[in-house]
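Student: Show me the folded form of this:
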Amino acid sequence: MCRSAERLGFLRLAFKIVPLLFFCAAASVSHAQVDPVVCSAGDGSFESAFPTGVKVEVGAARRDGMAVRMCQGALLWDKKSLVVAPSAFEVDIDAFGIDLSLGTPVVTFQVKEAQADCCSTLLVYSLQKPPKLLHTVTGGGFYNTSDKNLNGEVQIWTSDASSLIGFESPVFSRSELAPPVVLRFVHGKLLNVGSEFQNYFDEDAAKARSQLTPEDLRAFQNSDGRLASTAHFSQEEQRASENLLRTKLRVLQIVWAYLYSGREQEAWKTLAELWPPADLERIKAEMIRARGQGILSHVDGASTAGRPPANTVKVFDLRIRTTSQALPASGGRRVTTPPPTAVSNVASPVPIFIAHQAVEGETEDDLPASEMLDLTIDSAGKVRSVVSTDPAFAAKIKDDTAGWKFIPAMSDGQAVASRVYMVVSPKR
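Tutor: Model (predicted):
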């Protein structure tokens with residue numbers, strides 16, 4: 001496999017940039033932009049070739065031979081090319097060389113046409129000659145393709161951003177508030193498999209419930225439910241209005257969690273318990289309308305399977321050439337992957353995007369000069385666990401690693417799960 005221009009990302013918070021560098025014999029890391037995508041507004045690039053001879057390129061779009069502040073993606077083979085997105089605000093590689101159960105290795109491009117767009121499009125292309133567009137997924141927010149349970153089944157995680165277009169008020173139509181969605185290809189059909197991941201949805205619901213106080217819930221249930229914007233003549237009125245909005249949002253999050261994980265009866269029962277009675281039928285109809293216009297209106301059906309088994313795939317140990325014990329994870333927990341398998345003929349994963357987002361007040365001095373990470377990377381190139389000799393550092397970057405992307409380890413042209421060491425250097 002020919003690999004070049006593998007990417008390292010930077011994320012920004014409050015005008016602060018904290019770089020995170022990656023060094024290994026298999027990858028060269030370049031300076032990158034501040035958004036968690038390969039190319040944004042013409043900034044950032046990626047290129048890599050698959051063993052089939054199909055090359056993937058992402059970078060600045062060009063007009064009259066000059067780069068412009070837009071991005072494009074392309075597939076190249078045998079002196080031929082296919083432009084995937086000729087001019088878009090963002091073009092990202094979500095996954096490269098993975099198996100989505102479509103009969104061929106694929107690359108997935110995540111495309112956002114304009115900065116103000118609510119939604120992105122996921123384009124799934126084959127990596128055989130000639131490459132072909134196999135499927136288009138529309139209406140989602142940010143896509144993350146991963147094998148969450150390490151059981152060999154790859155899902156597409158996103159949010160139903162298109163469902164919130166015109167929903168309630170602009171406050172509740174923001175894409176970051178959209179319900180989570182889990183999709184998977186089964187026999188070539190795209191299914192909603194949220195019912196197989198009810199525990200993840202339950203975590204969201206539990207978090208929202210923990211933020212509800214009896215006083216705020218009582219005040220919301222005594223409101224009209226719509227919470228139309230009105231003038232406030234005191235700070236007390238302003239605070240009361242803000243509390244009502246937060247409570248409404250949390251109730252919606254709880255109901256969405258049940259609704260998008262295959263528990264419709266429980267969703268409507270919970271809505272009846274928490275919502276203002278006089279507004280119940282209206283909001284129920286609005287939620288049904290919203291779901292009907294969203295991403296789920298484009299899928300081929302829903303899974304009827306129960307919760308899938310976890311941690312059943314072979315994880316190839318590329319750290320050393322003998323099987324080793326799992327290191328304890330931060331907080332005293334242990335890595336939950338199956339015993340890794342030592343191999344000598346598996347290509348190591350290569351980074352597509354790696355970044356650290358600084359928290360408020362954090363500087364480079366708050367991070368170690370360098371640190372060894374023990375990563376488990378699934379067959380979709382996403383990080384399933386991170387262990388560090390410094391548990392505090394592992395805790396700092398835990399949220400970051402959920403967005404890290406790799407070309408996964410390859411064995412005989414097939415993407416596989418692996419365990420690798422990676423040295424990061426936040427200071428330079």
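
Student: what's the distance between Gly103 and Tyr143?
Tutor: In this structure, Gly103 and Tyr143 are 21 Å apart, going by Cβ to Cβ, to the nearest Å. All C-beta atoms are positioned from the backbone trio N, CA, C, and that covers glycine.

Student: er, Gly306 I mean
Tutor: For Gly306, the distance to Tyr143 under the criterion Cβ to Cβ works out to 25 Å.

Student: how about the helices of the stretch 51-200 of the chain, start to end?
Tutor: Along the stretch 51-200 of the chain, the segments classed as helices by DSSP state H, counting those that start in this stretch run 198-210.

Student: Look up the residues forming beta bridges with Phe96.
Tutor: Partner residues in beta bridges with Phe96: Val107, with DSSP bridges as the criterion.

Student: hmm, back to that, between Gly103 and Tyr143, tell me which one has more neighbours.
Tutor: Taking Gly103 and Tyr143 together and counting by other Cβ atoms under 10 Å, Tyr143 has the greater number of neighbours (21 against 12).

Student: so how far is the helix or strand where Ser241 lies off the chain centroid?
Tutor: For Ser241, the host element (DSSP states H and E) is helix 235-259. Put simply, helix 235-259 sits 25 Å off its chain's centre (Cα atoms, centre = their mean, to the nearest Å).

Student: helices or strands up against that helix?
Tutor: In terms of contacts (3 or more Cβ pairs under 8 Å, 6 or more residues apart in numbering; DSSP states H and E), helix 235-259 is packed against helix 198-210, helix 214-221, helix 264-274, helix 280-293.

Student: These into a markdown table, with extra columns for distance to Glu371 and mean pLDDT?
Tutor: Conversion of those to a markdown table gives the following (distance: least, Cβ to Cβ, whole Å; pLDDT from 0 to 100):
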| stretch | distance to Glu371 | mean pLDDT |
| --- | --- | --- |
| helix 198-210 | 28 | 95 |
| helix 214-221 | 42 | 96 |
| helix 264-274 | 43 | 97 |
| helix 280-293 | 44 | 96 |
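
Student: quick one, which of those helices is nearest to Trp404?
Tutor: Across these, the minimum distance to Trp404, taken as Cβ to Cβ, is reached by helix 198-210, at 19.1 Å.

Student: Out of the helices and strands in the chain, which is least certain?
Tutor: Of the helices and strands making up the chain, the lowest-confidence element is strand 16-17, at a mean of 26, by mean pLDDT, DSSP states H and E.

Student: Of the helices and strands packed on helix 235-259, give the one that comes closest to Thr247.
Tutor: For the helices and strands packed on helix 235-259, distance to Thr247 was read as Cβ to Cβ. The smallest value, 4.2 Å, belongs to helix 214-221.

Student: The closest one vs helix 264-274, what angle?
Tutor: What separates the directions of helix 214-221 and helix 264-274 is an angle of 100 degrees, with axes from the mean of the first three to the mean of the last three Cα atoms, to 10 degrees.

Student: What is helix 214-221 packed up against?
Tutor: Using 3+ Cβ pairs under 8 Å, 6+ apart as the contact definition, the elements that helix 214-221 packs against are helix 235-259.

Student: what is the mean pLDDT for the helix it packs on?
Tutor: On average, the pLDDT along helix 235-259 is 93.

Student: And stretch 386-394, by the same measure?
Tutor: 84.

Student: Work out the gap between it and the centre of the chain.
Tutor: Between the mean C-alpha location of stretch 386-394 and the chain-wide mean there is a distance of 22 Å, by Cα atoms, centre = their mean.

Student: Now do the buried residues in that stretch.
Tutor: Within stretch 386-394, the residues that count as buried by 16 or more other Cβ atoms under 10 Å are Val386, Val387, Ser388, Phe393, Ala394.

Student: and the end-to-end length of it?
Tutor: Length of stretch 386-394, first residue to last, Cα to Cα, to the nearest Å: 7 Å.

Student: give the contact list for the most centrally placed residue in the chain.
Tutor: For the chain, Asn144 is the residue whose C-alpha lies nearest the centre (Cα atoms, centre = their mean; 3.3 Å). Asn144 is in contact with Asp94, Ile156, Trp157, Thr158, Lys382, Ala402, Gly403, counting by Cβ atoms under 8 Å, 6 or more residues apart in numbering.

Student: just curious, which of the residues you listed is nearest to Leu76?
Tutor: The shortest gap between Leu76 and any of the contacts of Asn144 belongs to Asp94, at 19.3 Å (Cβ to Cβ).

Student: just checking, that closest one touches Val137?
Tutor: No - contact between Asp94 and Val137 fails when scored by Cβ atoms under 8 Å: they sit 10.5 Å apart.

Student: Mind listing the shared neighbours of the two?
Tutor: Common contact partners of Asp94 and Val137 (Cβ under 8 Å, 6+ apart): Leu122, Tyr143.

Student: who has more neighbours, these two?
Tutor: Summary of the neighbour comparison: Asp94 and Val137, criterion other Cβ under 10 Å, with Asp94 having more neighbours (28 against 21).

Student: For the more buried one, which residues are in contact?
Tutor: When contacts are taken as Cβ under 8 Å, 6+ apart, Asp94 is in contact with Thr108, Phe109, Gln110, Leu122, Tyr143, Asn144, Thr145, Lys405.
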